[in-house]
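Asker: Just need the structure, nothing else, for what follows:
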Amino acid sequence: MAKNKTTETETSVIDFINTFVDDAAKRNDTAELITIMQKVTGFEPKMWGPSIIGFGSYHYKYASGHEGDAPLAGFSPRKAAISLYTYLSEENREDLLSKLGKHRAAKGCIYIKKLSDINVEILKEMVSVSVIELQKLYPQK
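Answerer: Numbering: from 1, shown residues only. Alright, predicted model coming up:
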């Protein structure tokens, strides 16, 4: 079975930001996102893989036997866009995304150019819903 690439690391979040987030505006958005997600989740930021800042974690196991760990919520300040990682069930996804503001959605993440393009209160709700839903789906034992 393939090994997961995105695992929690010991890399410093601050070192990652200082090394890889060149744009000052994106660095400011990164700091604000850390504050928001830390407050909403109650978890400290941790690096997952080389470029994802994640909050909390859960262990999943699929019917196929594939299993691993992932953050309850997170983001990656990439050059082209900020990738937001949250879990939203079908019943919540469309409603929340329709209120979020300027974004592009894919199956596993949501892309924004800058924080000022979105409704931060809806982002907070999305992060909160993600934590609640993932903890229900994958309760800690």
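Asker: Tell me the secondary structure at residue 76.
Answerer: Local secondary structure at residue 76 is given as strand here, using DSSP: H, G, I helix; E, B strand; the rest coil.
Asker: who touches the spatially most central residue of the chain in this structure?
Answerer: The structure's the chain has its C-alpha centroid closest to residue 74; by C-alpha atoms, centre = their mean the separation is 1.8 Å. With contact taken as C-beta atoms under 8 Å, 6 or more residues apart in numbering, residue 74 is in contact with 37, 48, 52-55, 84-85. Every residue, glycine included, has its C-beta placed from N, CA and C.
Asker: Who wins on neighbours among the residues you listed?
Answerer: residue 37 (28 neighbours; other C-beta atoms under 10 Å).
Asker: Could you check how far residue 77 is from residue 52?
Answerer: 10 Å (C-beta to C-beta, to the nearest Å).
Asker: quick one: which of the contacts of residue 74 is nearest to residue 111?
Answerer: Of all the contacts of residue 74, residue 111 sits closest to residue 84, with 7.5 Å by C-beta to C-beta.
Asker: if I've got this straight, the closest one is in a helix?
Answerer: No - with three-state DSSP as the criterion, residue 84 is located in strand rather than a helix.
Asker: beta partners of it?
Answerer: Counting by DSSP bridges, residue 84 is bridged to residue 75, residue 110.
Asker: Same question for residue 53.
Answerer: residue 47, residue 75.
Asker: returning to that earlier point: now the residue nearest to the centre of the chain, nearest residue through space, not along the chain?
Answerer: residue 54 (3.6 Å; C-beta to C-beta, 6 or more residues apart in numbering).
Asker: Would you map the strands across the chain?
Answerer: 45-48, 52-55, 58-61, 67-70, 73-77, 82-85, 104-105, 110-112 (DSSP state E).
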